[in-house]
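> coords please:
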Amino acid sequence: MAGLSDQDVDIVIEKFQTKVSISEKPELGNHYEPNTSEPIAQPLRTLDEVLLWKPDEDGFNVATIPLAKRTEAKVGKPYTLLCHDMMGGYQEDRFVQGVPKLECYRYYHWQYLDMFIYFSHYFVTIPPPSWTNAAHKNGTLMLGTVITEWNDGAERCKQVFASESAYKTFADKLVAIAKYYKFDGWLVNIENPIAATHMPQMVGWVEYLTKEMHTHLPGSKVIWYDSVIIDGSLKWQDMLNDNNRVFFDISDGMFLNYTWNEAKLKDSVKNAGERKYDVFVGVDVFGRNCFGGGGWNTNKAMSVIRSNNLSAAIFAPGWVMEKLGREQFITNQNKYWGILDEFLPTHGVSSLPFVTYFCRGYGEQGFRNGTVALVKSWCNLSAQQIQPTFLQVPQDTPDGKTGHQSMDHCVKDGFNGGGSLLLRGTLGQGQVHPYRIFETGIVPSHQLLVSYTVKCCNAVDACVFLDLGGDQGRVILWTSGESAEDKQPMSAYGLRESEQLDPSKLPVSKTTAKCTAYAPLKEGSHKNMQDIVFGCDSSSIHCIGWQTRHYLLPTSAFGEGAKIEEMGVLCFPTESDPPKMDYMVRIGELKIINPDSLKNSSTQVSNLTMVDDSWHNILPHITNVTDQASFCCTLKWDYPYEAMHYDVYVSGVNRDPNHNRDLATSEVVFIGRAYANLFRVCHLLAPTVNGKEGQLEFKVQPSTQEGFVAPLAAATRIRVAYS
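Next up, the predicted model:
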């Protein structure tokens, strides 16, 4: 693909005229932060707010990532639910487009979770879209919360349970809310007494809500919290028994209160019968009257729960940050979940496309194509990618020789997003270090396009392996080939298939009893793939040490009925007789996709429009800037496919908002990334024109869910003339 210019392509350009009229602040309503106009997530605080809620009025808060398919255990296993109660909820995570700071609560151990509940003490808690996107990308269900408590809660319950019509209207709204915002169910937490005369209606409501959620959102869950019992009293049982089983029978599960003992758990197992895995035993990480005391002793409670073969509901693991502080949060977070590892069955993602940059949704800076695109800290969980399944690495290599190994996330360098996967170790002569990274269950029913991006240190290289189920062995994606490109069959995608190699000649072949090996695409096929990935002539892109290898694997690479069960990396010395050495290898990207998706790679957005535009004085915290006005607007567009994200650019400004440097107004500068088909431009500094006409031009560049970037030179744009 040659480089494109405005003269080479058909560019869709919309035009918009605006008059600079300074107002104090944008007036956009309660879905936006009042001073900055940033879109924010919010709960519904009253019954009237719920009943008056309408769809299509809050597009910024709609999750965009569908729930990924996940690996499932061959035999039944207890589930793990996390209930996120962090300082009342809606902290930094309420800012839909992220925040310019690093010290936010973030979660990335999704391999342990079956469900994630976003909890607050507001009446109806709608999960911020960033949490739903991150959970869905990793195959985890996301639930909101309905809670009533104290006198206000009792009054709401009187209204909702006054009649069948009233409770059905309320339930229908909850179903519509979950469907619109694209999350997967509700925790129901009634923490106030219910009048005996209203109990039939409340039971009817739970049953109706569960049925309607299943009808309109297949796979969704309604979980009842152990609180009110059958006579309407507020009496926590800490077990499943005849006082509360009516709610268990008409919902998808029960979240037990925290003050249980082992005898109550044993009775719960008996009472649950075949549905014992639908009993979620509550564990309060803050340790309030909880078995074991919570905190670093959460494992004591988990040990008892699992010994009774029950599911677990871990409440308020934000303790790690709230109690221990923000400074050592990542260290403490990893320690906490590491302590629980033995009690938490894992799952991986098994659907295509499988694409990850290993980004955790935060960074000290932002990377694009191996270079720094953003020079400030940031956090946005919508940017989080599929996270590794395995946290521990083997301490002994397959040949029996010991070599130190570690695997961690690194924010100091990355290929895309906020960081990369860092593999470190000490290699001795003849050693190869294997790293298990992902559990998966991908069934290769067609050709697969696989790629990975690495940055290696001196004298050490790395390759990816795919472990197949049964006796199918391992597929090694080797670093180079032997024959010329034209010796390989041409595919329907304009790419040559990868060359099959003799694995016995490879230094990594001893890592497994049975394997096949393939070489990366080379020459023209490699160049074509790089052009598609970057959306331009890739020879102009300098990735600063990062190397990407692409493979087009034929269906013959996988035996009949084969399944990719694990993915990992092999690190090895490049010299035949190396000295003992320390090494670092960074993995910046790993993709497995259907090559049919190549046909969508250059599709641009359409119907780009601008709404809610306004001009303001510069915000008070911005200093040493003159001859500028502050511009706000919302950009909206259409895109026919699921996107990974959209990058938004502007020209016509003379200050770079991400690098704090001067610009020529002709320069095109990156200003932000959207994860939905709309983006809020918040207080962009535009040059004042003193009676003349100025012009801003916004461009939106889509990236497909496979990570292919449409050409920026042909991006749809909107020109804003102002005076």
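
> low-confidence stretches in the chain?
The chain contains residues with pLDDT under 70 at 1-12, 19-20, 24, 393-403.

> which non-adjacent residue is nearest residue 526?
residue 550 (6.1 Å; CB to CB, 6 or more residues apart in numbering). Any C-beta I mention is one placed from the backbone N, CA and C, and that applies to glycine too.

> then residue 180?
That would be residue 55: by CB to CB, 6+ apart, it lies 4.4 Å from residue 180.

> and residue 34, by the same measure?
residue 25 (6.3 Å).

> for the one you found, list the residues it contacts.
Going by CB atoms under 8 Å, 6 or more residues apart in numbering, residue 25 touches 34, 35, 37, 616.

> give me that answer again for 7 Å
Applying CB atoms under 7 Å, 6 or more residues apart in numbering, we find residue 25 in contact with 34, 35, 616.

> start to end distance for stretch 512-521?
Distance across stretch 512-521, first residue to last, is 24 Å (CA to CA, to the nearest Å).

> who are the packing partners of whichever helix or strand residue 268 is part of?
Element membership of residue 268, judged by DSSP states H and E, is helix 262-272. Other helices and strands packing on helix 262-272, by 3 or more CB pairs under 7 Å, 6 or more residues apart in numbering; DSSP states H and E, are strand 279-284, helix 298-307.

> list the buried residues for that helix?
Neighbour counts over helix 262-272 (16 or more other CB atoms under 10 Å) mark 264, 265, 268, 271, 272 as buried.

> contacts for that helix, please.
238-241, 245, 276, 278-279, 281, 304-305, 308-310.

> again, only using 6 Å
By CB atoms under 6 Å, 6 or more residues apart in numbering, the list of residues contacting helix 262-272 from outside reads 238, 239, 240, 241, 276, 279, 304, 308.

> picking that back up, of the contacts of residue 25, which belong to strands?
The strands, defined by DSSP state E, take in residue 616 from the contacts of residue 25.

> which member of the contacts of residue 25 is positioned nearest residue 334?
Checking those against residue 334 with CB to CB, the nearest one is residue 35 at 36.1 Å.

> for the closest one, give its distance to residue 619.
For residue 35, the distance to residue 619 (CB to CB, to the nearest Å) stands at 8 Å.

> now the spatially most central residue of the chain, what's its secondary structure?
Geometric centre of the chain, nearest residue: residue 134, 2.3 Å, by CA atoms, centre = their mean. In three-state terms, and counting by DSSP: H, G, I helix; E, B strand; the rest coil, residue 134 is helix.

> in contact with it, which residues?
Taking CB under 6 Å, 6+ apart, one finds 381, 384 in contact with residue 134.

> can you check residue 717 too?
13, 697, 699.

> so what's the gap between the strand ranked longest in the chain and the chain middle?
The residue-count maximum for a strand in the chain (DSSP E) belongs to strand 581-593. In terms of CA atoms, centre = their mean, to the nearest Å, the centre of strand 581-593 is set 20 Å apart from its chain centre.

> again, but for stretch 483-500
Worked out by CA atoms, centre = their mean, stretch 483-500 lies 35 Å from the chain centre.

> contacts for it, please.
With CB under 6 Å, 6+ apart, stretch 483-500 has contacts from 481, 518, 519, 522, 523, 525, 551, 552, 553, 554, 595, 598.

> so who does the fifth one touch?
What it means is residue 523. residue 485.

> ok, and the most crowded of the contacts of residue 717?
In terms of neighbours by other CB atoms under 10 Å, those top out with residue 699 at 25 neighbours.

> dihedrals phi and psi, it?
Main-chain dihedrals, residue 699, degrees, to the nearest 10: phi -120, psi 140.

> break down the stretch 201-350 of the chain into its strands, ranges please.
Applying DSSP state E, counting those that start in this stretch to the stretch 201-350 of the chain gives strands spanning 221-225, 253-256, 279-284, 311-315.

> can you redo those as CSV with mean neighbour count?
Formatted as CSV, those follow (neighbours: other CB atoms under 10 Å):
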stretch, mean neighbour count
strand 221-225, 25
strand 253-256, 26
strand 279-284, 28
strand 311-315, 26
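
> distance to residue 163 for the ones you listed - can I get that in a markdown table?
Formatted as a markdown table, these follow (distance: least, CB to CB, whole Å):
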| stretch | distance to residue 163 |
| --- | --- |
| strand 221-225 | 21 |
| strand 253-256 | 26 |
| strand 279-284 | 31 |
| strand 311-315 | 32 |
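
> burial of residue 664, as a residue count?
Counted with other CB under 10 Å, residue 664 comes out at 8.

> find the nearest non-adjacent residue to it, please.
Residue 664 sits nearest to residue 654 (CB to CB, 6+ apart), 7.2 Å away.

> ok, the one you found to residue 626 distance?
11 Å.

> now do residue 691
Applying CB to CB to residue 691 and residue 626 gives a distance of 17 Å.

> you'd agree residue 135 is up against residue 144?
No: in this structure residue 135 lies outside contact range of residue 144 using CB atoms under 6 Å: 12.0 Å.

> and those two? Which one has more around it.
residue 135 (29 against 24).

> so who does that one touch?
Counting by CB under 6 Å, 6+ apart, residue 135 has contacts 116, 142.

> the one 3 residues further on too?
Residues touching residue 138, when contacts are defined by CB under 6 Å, 6+ apart, comprise 110, 386, 387.

> name the nearest residue to it, sequence neighbours excluded.
Closest to residue 138 by CB to CB, 6+ apart is residue 110, at 3.5 Å.

> picking that back up, quick one: work out the angle between the helix or strand the residue nearest to residue 526 falls within and strand 581-593.
Using DSSP H and E, residue 550 sits in strand 547-553. On the basis of axes from the mean of the first three to the mean of the last three CA atoms, to 10 degrees, strand 547-553 is oriented at 40 degrees to strand 581-593.

> who are the packing partners of the next helix or strand after strand 547-553?
Later in the chain than strand 547-553, the nearest helix or strand by DSSP H and E is strand 564-573. Taking 3 or more CB pairs under 6 Å, 6 or more residues apart in numbering; DSSP states H and E as contact, the helices and strands that strand 564-573 lies on are strand 433-442, strand 460-468.
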